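# no sequence on this one, just coordinates:
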């Protein structure tokens, strides 16, 4: 899903490729890009399941406003992944209600 | 314009609609049907609906749903959405960790 | 007459709505006039405590009656879950001085028949394991609790409305008028309402309105603030307070924590046309909370709000039928702790208005109790 | 407490412009923005802006962003990023979350320039992952270089929907359809046309009925609506998409103004609840200003002027500008703003169903309903040279300007060194091809038109062939000698085409000019070129047949 070459912007200034963990699996993303962008590039659509109806949610506004894309990041729930920069080794977990599902 | 609102007016029965189960407030997962019913329960403005159902009380504080809720409530009351005041805006503009909030610099 | 009812209630807060409900239950029709929306004032801006502990002995009976007879049935009675949770109240101490303060309160309440006692820090942590070790002791009242003030107000409103009470919002009351020696008319910007009795319960605003019939209650308007966090996993059920009064609050049914706090600057906040938060109170409250509950430091605050309390000179309310002005019943000056006793107050007001036997003796809360120093 | 003479909230076009203006007069200014990058939406705007030279016309949004940042730096403005303003309090005090703490600041003046947020519509499945705001699509693809999806349904044909659709195409996504519940395209016709000619279909009077999928979007159902917005039974259509982009309008992000206690007004033409502002953007709270979308939805170009106005008013209040100097400056700004507002989305015309241009020419209905101008309609507009369809064959090359609405924009007039193109002083007037004989074929008008609405026609390029030069902003760029398809304005193949020239240059700013040779009879219809993937001339027969075009 990454744009390799863009007719107007050409290439995108990106941080180095780093590994991070998504629900225990190792994925790769670019350091400093939003966690949500790295997940989208890796094909992950579902960020959380809601409290009341258990519905899947993902990226919606992508600018930190709607809070739909929140996940458990390094143990903290409700982290807005669309504006939180990715760092190497981050633990990103699908959020169920307000916490990560117990494995 | 008079702001006087008689709360005992007859809105008629709350007839079920086929899209009543649509989620309107994404954060708190409040449905259209619940909002319509709240109006019939006497919640005639956005603040009362909010306090009654939690619409707009979630993590995003109504940034996504406030207009949607307003149009549903207005329609149920048979008035124009512009006649309904939005719920008040309050600090903090974004969710903020208590630790950060407690750490003040003057 | 369209604008006539047996009782005109001024104020659509939790007190006015509760009174309207209990009156309606007795078959007495009322009209409730509210300037803003239902529950605009302190009714929807408080911390939700339904507490008996640390109450003044003059209002303790009201709190105890509510906790025993009214709150437990309220959700069922009103048909709305008001989120009443009766799992106790911990009032926390971090210093010896705090312990002294609490001991005095416990002694007083206990002698008035309340089940409350001092417990150690470790005992407190057994009840609520998330507390920091800075807590060295607490008072514990197992029959205290909390509820959702917004829902409680709206539930009283909804039920009263169903029972035929007329609620009219957007009505700004400017004056009460006496007709043939009795308070009868309520003048608003738009119209005049008339009732056999008038019940005034509009918080601090009761004062200028009562002034129009020559009644003045010594109280001041103080800005208090509260805040709420995002939903958190279930941690504890108790209502919390501190001897230092640096914060109070609870975890709501929804999972969010609702906390209030004070900075010490409250009486000196500059005058505003409507209650708005200051730039510093929320931070101060957060500092207070984190000292007792370090585990909450990562919880995110999503909203803060401010509200005025109607702080009476002796910090307990006035609930009385005004002798000098027949037909006028006053309920104000709740001093920031009116929510917990609101069902009892509503019940008592319905009794006062209908001249029926009072469930509790409220002589201590009479309007003309204020005397200058001898 | 730290105090500034001007605190700006939001480092978008309005906020930066205000800060630059105020600082250039010597004021102590700080700008706070919650984002990692400044520029607001400018860095997501990769298209060329409308306007005149002084409005930074034909410059791409992100380059304007770069320029503003440079100017801000030179003027000594502090731009504090990752700094979220949490509240606006009494006495023009704000709290800002930065560096994991809360900092208190006071401003003699405060400018709220927080922009807009996207409106949403609801339908079954609208909460599914894969349903996103159009802004989210822009953020992902233009800032982060990640495609928001592969097959996209765009809901909304306003300028945002149209511009983002084009950007999605540029990012390599497939735009399956653009739908709008209205019976008319909401945005500029030129934006609609540049998307239409790539073959993206429009479904007007259509709404989304459902987003399908369990865990994420796997399809969408759309349907036609009647005059009462009810779905017409039997018109349901299923679209194979994985992403649904919502572009159904913007609302001013006026929370901070409300928090501050500004008097508010709900105005449909401004997009909703906005602070009541003076002509200087000052709210009911003295010294508290609003500029840009937060004061009413417009475009970045007007936001920049509004910012300048607020900045200069603040400078006058603080005694940095003399009254007379200010009066002159303000008059210039107000005039410049008025120019932009004269267009079809200006306050007077916004939301109205226009039927004629200011010149009295009936608007193209096909453009409004299908997204492209039909061949017959184009002939009534002054940018069209009637000789194309006539028997007369003009030698040489000349421009055809398919700009048929009153857009506040005039770079084409400036671009033509030969004086073939005229708009006049009123920048919303339709461009006129005045003297096509003078056209040198340089192509500067083609690449400078922000609407990509100018084409060069060279008749008699070869016996029975014409050469059509068109703006091209996609990859891969066609190569001379390459065989492909000539598409008409609706994106239908009309015949085969051969690329004869490809021009690029710094002055053209990434808008390449591709010249294709087509049969003379397509001179008035061929407006786009489509490459044939993996097959050159030999394979074009099948592709053409599939597209329903005619083979030479």
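Perfect, I can see it now. What you see is a predicted model, and the numbers here were worked out from it, not measured in a lab. Residues are numbered from 1 along each chain as shown, chains lettered A, B, ... in the order given.
# What residues sit buried inside stretch D:346-361?
D:346, D:349, D:350, D:357, D:358 (16 or more other Cβ atoms under 10 Å in any protein chain shown). All C-beta spots, glycine's among them, are computed from the backbone N, C-alpha and C.
# close to chain B, is it?
No. Judged by Cβ under 8 Å from any Cβ of the partner chain, stretch D:346-361 stays clear of chain B, getting no closer than 14.3 Å.
# Residue C:281 against residue C:261, yeah?
Yes. Using Cβ atoms under 8 Å, residue C:281 makes contact with residue C:261 at a distance of 7.0 Å.
# Overlap in contacts, these two.
residue C:225 (Cβ atoms under 8 Å, 6 or more residues apart in numbering or on different chains).
# would you list the buried residues of stretch D:346-361 in a markdown table and tack on secondary structure, distance to chain C and pLDDT?
A markdown table is the format used below for those (DSSP: H, G, I helix; E, B strand; the rest coil; distance: Cβ to the nearest Cβ, whole Å; pLDDT from 0 to 100):
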| residue | secondary structure | distance to chain C | pLDDT |
| --- | --- | --- | --- |
| D:346 | coil | 36 | 80 |
| D:349 | coil | 36 | 80 |
| D:350 | coil | 32 | 79 |
| D:357 | coil | 47 | 94 |
| D:358 | coil | 45 | 92 |
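# quick one: which of those is nearest chain B?
residue D:350 (16.4 Å; Cβ to the nearest Cβ).
# For residue D:341, see how far away the spatially closest residue to that closest one that is not a sequence neighbour is.
Counting by Cβ to Cβ, 6 or more residues apart in numbering or on different chains, the nearest residue to residue D:350 once its immediate chain neighbours are dropped is residue D:269, at 5.3 Å. With the distance defined as Cβ to Cβ, to the nearest Å, residue D:269 ends up 11 Å from residue D:341.
# before we move on, what about residue C:368?
Per Cβ to Cβ, residue C:368 is found 65 Å from residue D:341.
# Of the two, which one has the most company?
residue D:341 (19 against 12; other Cβ atoms under 10 Å in any protein chain shown).
# List the contacts of that one.
Counted by Cβ under 8 Å, 6+ apart, residue D:341 has contacts D:298, D:302, D:347, D:348, D:408.
# In a strand, residue D:354, correct?
No. Counting by DSSP: H, G, I helix; E, B strand; the rest coil, residue D:354 is not found in a strand; it is coil.
# my read: it touches residue D:362, true?
No. With contacts counted by Cβ under 8 Å, residue D:354 stays clear of residue D:362, the gap being 10.1 Å.
# three-state assignment of the residue nearest the centre of chain A?
By Cα atoms, centre = their mean, the mean C-alpha position of chain A lies nearest to residue A:36, the distance being 2.9 Å. Put simply, residue A:36 is helix when judged by three-state DSSP.
# ok, it to residue A:85 distance?
For residue A:36, the distance to residue A:85 - Cβ to Cβ - is 11 Å.
# same question, residue D:207
38 Å.
# okay, these two: which has more neighbours?
Between residue D:207 and residue A:85, residue D:207 has the larger neighbour count (other Cβ under 10 Å), namely 19 against 16.
# my guess is the more buried one contacts residue D:156, does it?
No. Using Cβ under 8 Å as the test, residue D:207 is too far from residue D:156 to be in contact (10.6 Å).
# what residues do the two have in common as contacts?
With Cβ under 8 Å, 6+ apart, residue D:207 and residue D:156 have common neighbours residue D:179.
# Let me see the contact set for the closest residue to residue C:329 other than its chain neighbours.
Once flanking residues are discounted, residue C:329 sits nearest to residue C:199: 4.6 Å by Cβ to Cβ, 6+ apart. Contacts for residue C:199 (Cβ under 8 Å, 6+ apart) come out as C:7, C:8, C:9, C:10, C:16, C:19, C:30, C:329, C:330, C:331, C:349, C:353.
# I'd guess the first one is in a helix, am I close?
Same thing as residue C:7. No. Read with three-state DSSP, residue C:7 is strand and lies in no helix.
# can you list the weak-confidence ranges in the stretch 401-550 of chain D?
Within the stretch 401-550 of chain D, the segments meeting pLDDT under 70 span D:534-550.
# For it, just list every one of the helices.
With helices called from DSSP state H, counting those that start in this stretch, the stretch 401-550 of chain D shows them at D:411-415, D:444-448, D:540-547.
# Could you do chain A as well?
Listed in chain order, the helices of chain A (DSSP state H) span A:35-41.
# What residues does it have near chain D?
So chain A meets chain D at A:1-3, A:5-9, A:11-12, A:14, A:33-34, A:37, A:40-41, A:45-47, A:55-66, A:68, A:82-83, A:85 (Cβ under 8 Å from any Cβ).
# make it 6 Å
A:1-3, A:5, A:7-8, A:12, A:33, A:37, A:40-41, A:45-46, A:55-56, A:58-62 (Cβ under 6 Å from any Cβ of the partner chain).
# Filter the residues you listed down to the buried ones.
Applying 16+ other Cβ under 10 Å to the residues of chain A next to chain D flags A:1, A:3, A:7-8, A:12, A:33, A:37, A:40-41, A:45-46, A:55-56, A:58-62 as buried.
# what residues do residue D:269 and residue D:341 have in common as contacts?
residue D:347 (Cβ atoms under 6 Å, 6 or more residues apart in numbering or on different chains).
# which residues does residue D:491 contact?
Here residue D:491 is in contact with D:196, D:197, D:198, D:199 (Cβ under 6 Å, 6+ apart).
# For it, give its distance to residue D:440.
30 Å.
# coming back round to it: I'd like the contacts of residue D:491 as a markdown table, with neighbour count appended.
Below are these laid out as a markdown table (neighbours: other Cβ atoms under 10 Å in any protein chain shown):
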| residue | neighbour count |
| --- | --- |
| D:196 | 29 |
| D:197 | 24 |
| D:198 | 16 |
| D:199 | 18 |
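# out of the residues you listed, who's nearest residue D:137?
Residue D:137 lies nearest to residue D:198 out of the contacts of residue D:491, by Cβ to Cβ, at 16.9 Å.
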